[in-house]
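Visitor: sharing a sequence plus its predicted fold:
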Amino acid sequence: MGRRIVLLPGDGIGPEIVAAARRLLEAVGGFELEERLVGGASIDAHGTALTDEVLEACRAADAVLLGAVGGPQWDTTDPTAPRPEQGLLGLRKGLGLYANLRPVKPSPALLLASPLREERIRGTDLLVVRELTGGIYFGASGREGGRAFDTCEYEVAEIERIARVAFDAARDRRGRVTSVDKANVLETSRLWRETVERVAADDGEVELDHLLVDNAAMQLVSEPSRFDVILTENMFGDILSDESAMLTGSLGMLPSASLGDDGGGLFEPVHGSAPDLAGKGVANPLATFLSVALMLRHGLALDEEAAAVEAAVEAALTKGWRTPDLAWVGSETPPMSDLPAEVEVGTREMTDAVLAELAV
Ligand code: IPM
Ligand code: MG
């Protein structure tokens, strides 16, 4: 009881979906919720995307739930100006959250919402394990006159620890890891590949294969069901997880967990701040609800409550509730007669629908 969760609504649709998640957490019960600023909201208030105080509050909490950061009002190419994304990157680095888990399992109720054909998506159940505190995101960068650079660097220990997360996850799933790199071009990828090979040999149980990232991007849409765990570095994981999200029908469905070695963690929907939708009450709260489920399971060891949240989301979808991003793509009426009629709703009604199904 009384576990402390820091809520970081952030920018754009962040405040709306985190407000919805607050209702969900209150319905589950037993949490102390504390709200703080991050991203553009923090830049406006304090001139920086993440204050030391907020970082400390997150460190002291049992878990952190984040909405989204960023928006056009803070977009700039001036290298000296603060950026909202620095808030998120500062949290990941500052809290040592090197393992980012992004599960992609399309809801049976949403097979028509994806731009991909239903028979392609059927059977998809994959987990992207993205390295989150290294690579080009955190290497030396800068500008010198008419030249700019970003450096991609990895150390063996960083690769080993994320590989172990992927192998552990695979053992509880279908026992298969696909490591994605660009070993035909990049030195960091060659180190990645040989290190992952070694971790696989130590593991002895999990089946490992390697794909080059361009090929992986192609296979994610041509044969997504071939994947179990996808293990990859920071930037490739960023790109491939947005691509994978469309298998679920909408970026608005994909949750994530960012974990380190100290327990707790940071949980956030994969979609961004969607500034064009902000303030309209139409944002899909489901990726945030599913992120709450990941928080309950991985951050707070509340497996039953996590499963109840996931079941409530599925039940609301099965009844036909849809935010605008989830409406099926194609003709005027759903082509399959066994599907329920879809009812298009906003954030509040979708939240009501999920809460009505919640059995905790
Ligand atoms: C994500 C986002 C972030 C990233 C941005 C907002 C910095 O795209 O979590 O995937 O690139 O990691
Ligand atoms: Mg991204």
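Guide: Happy to help now that I have it. In this text, all values refer to a predicted model and were calculated from it rather than measured experimentally. Ligands and ions are numbered 1, 2, ... in the order given.
Visitor: please count neighbours and contacts with C-alpha atoms only from this point.
Guide: Fine.
Visitor: all strands of this protein, in order?
Guide: Per DSSP state E, the chain has strands spanning 3-10, 31-35, 63-68, 99-104, 126-131, 141-144, 147-150, 176-181, 207-212, 229-232, 255-259, 266-269, 321-322, 343-344. These are given in chain order.
Visitor: where does residue 334 land on pLDDT?
Guide: Model confidence at residue 334, given as pLDDT, is 54.
Visitor: burial count for the residue in the stretch 251-360 of the chain that ligand 1 sits nearest to?
Guide: Closest contact between the stretch 251-360 of the chain and ligand 1, by C-alpha to the nearest ligand atom, is at residue 270 (5.6 Å). Residue 270 has 23 neighbours, counted by other C-alpha atoms under 10 Å.
Visitor: what sits against the residue nearest the centre of the chain?
Guide: The residue lying closest to the centre of the chain (C-alpha atoms, centre = their mean) is residue 256, at 2.9 Å. Neighbour list for residue 256: 100, 101, 102, 103, 267, 268, 269, 270, 291, 294 [criterion: C-alpha atoms under 8 Å, 6 or more residues apart in numbering].
Visitor: what sits opposite it in the beta ladder?
Guide: residue 268 (DSSP bridges).
Visitor: quick revisit: ok, the residue of the stretch 251-360 of the chain closest to ligand 1 touching residue 251?
Guide: Yes - here residue 270 lies in contact with residue 251, judged by C-alpha atoms under 8 Å, at a distance of 7.1 Å.
Visitor: need the overlap of contacts for the two.
Guide: Joint contacts of residue 270 and residue 251 (C-alpha under 8 Å, 6+ apart) are residue 242.
Visitor: pretty sure residue 255 contacts residue 285?
Guide: No - the criterion here is C-alpha under 8 Å, and residue 255 misses it with residue 285 at 10.4 Å.
Visitor: between these two, who's got more neighbours?
Guide: residue 285 (29 against 25).
Visitor: and the pLDDT at the more buried one?
Guide: pLDDT for residue 285: 98.
Visitor: which residues does it contact?
Guide: Residue 285 makes contact with 17, 20, 21, 252, 347, 350, 351 under the criterion C-alpha under 8 Å, 6+ apart.
Visitor: could you find the lowest-pLDDT member of the residues you listed?
Guide: Confidence by pLDDT is poorest for residue 252 among the contacts of residue 285, given 93.
Visitor: how about the residues of the stretch 201-350 of the chain by ligand 1?
Guide: Proximity of the stretch 201-350 of the chain to ligand 1 (C-alpha under 6 Å from any ligand atom) is limited to residues 238, 270.
Visitor: point me to the residue of the stretch 201-350 of the chain nearest ligand 1.
Guide: Counting by C-alpha to the nearest ligand atom, the stretch 201-350 of the chain gets nearest to ligand 1 through residue 238 (4.8 Å).
Visitor: the closest residue to that residue other than its chain neighbours and residue 161, how far apart?
Guide: By the measure of C-alpha to C-alpha, 6 or more residues apart in numbering, the closest residue to residue 238 outside its immediate chain neighbours is residue 130, 7.5 Å from it. Per C-alpha to C-alpha, to the nearest Å, residue 130 is found 11 Å from residue 161.
Visitor: these two - which one has more neighbours?
Guide: Comparing residue 130 with residue 161 by other C-alpha under 10 Å, the one with more neighbours is residue 130, at 27 against 17.
Visitor: would you confirm that the more buried one contacts residue 103?
Guide: No - counting by C-alpha under 8 Å, residue 130 stays clear of residue 103, with 10.9 Å between them.
Visitor: I'd like to know how many residues surround residue 240.
Guide: For residue 240, using other C-alpha under 10 Å, the count is 20.
Visitor: same thing with residue 323?
Guide: 23.
Visitor: contacting residues for residue 127?
Guide: 101, 102, 103, 104, 228, 229, 230.
Visitor: contact partners for residue 5?
Guide: So residue 5 contacts 31, 32, 33, 34, 61, 62, 63, 64, 65 (C-alpha under 8 Å, 6+ apart).
Visitor: swap in 6 Å and give it another go.
Guide: 33, 61, 62, 63, 64 (C-alpha atoms under 6 Å, 6 or more residues apart in numbering).
Visitor: and what of residue 91?
Guide: With contact set as C-alpha under 6 Å, 6+ apart, residue 91 has no partners.
Visitor: now do the closest residue to residue 283 other than its chain neighbours against residue 353, distance only.
Guide: Spatial nearest neighbour of residue 283, chain neighbours left out: residue 347 (5.5 Å); criterion: C-alpha to C-alpha, 6+ apart. Distance of residue 347 to residue 353, computed by C-alpha to C-alpha: 10 Å.
Visitor: the more surrounded of the two?
Guide: Taking other C-alpha under 10 Å, residue 347 and residue 353 do not tie; residue 347 has more neighbours (22 against 19).
Visitor: just the helices from the chain, written as ranges.
Guide: Using DSSP state H, the helices found in the chain span residues 14-28, 40-46, 52-60, 85-94, 118-121, 156-171, 187-203, 213-222, 234-245, 286-294, 303-318, 347-357.
Visitor: which stretch in those has the least confidence?
Guide: Among these, helix 118-121 carries the lowest mean pLDDT (a mean of 88).
Visitor: can you count the residues close to the residue of the stretch 1-150 of the chain found nearest ligand 1?
Guide: For the stretch 1-150 of the chain, the residue closest to ligand 1 is residue 85, as judged by C-alpha to the nearest ligand atom, at 4.7 Å. Burial of residue 85 is recorded as 19 neighbouring residues (other C-alpha under 10 Å).
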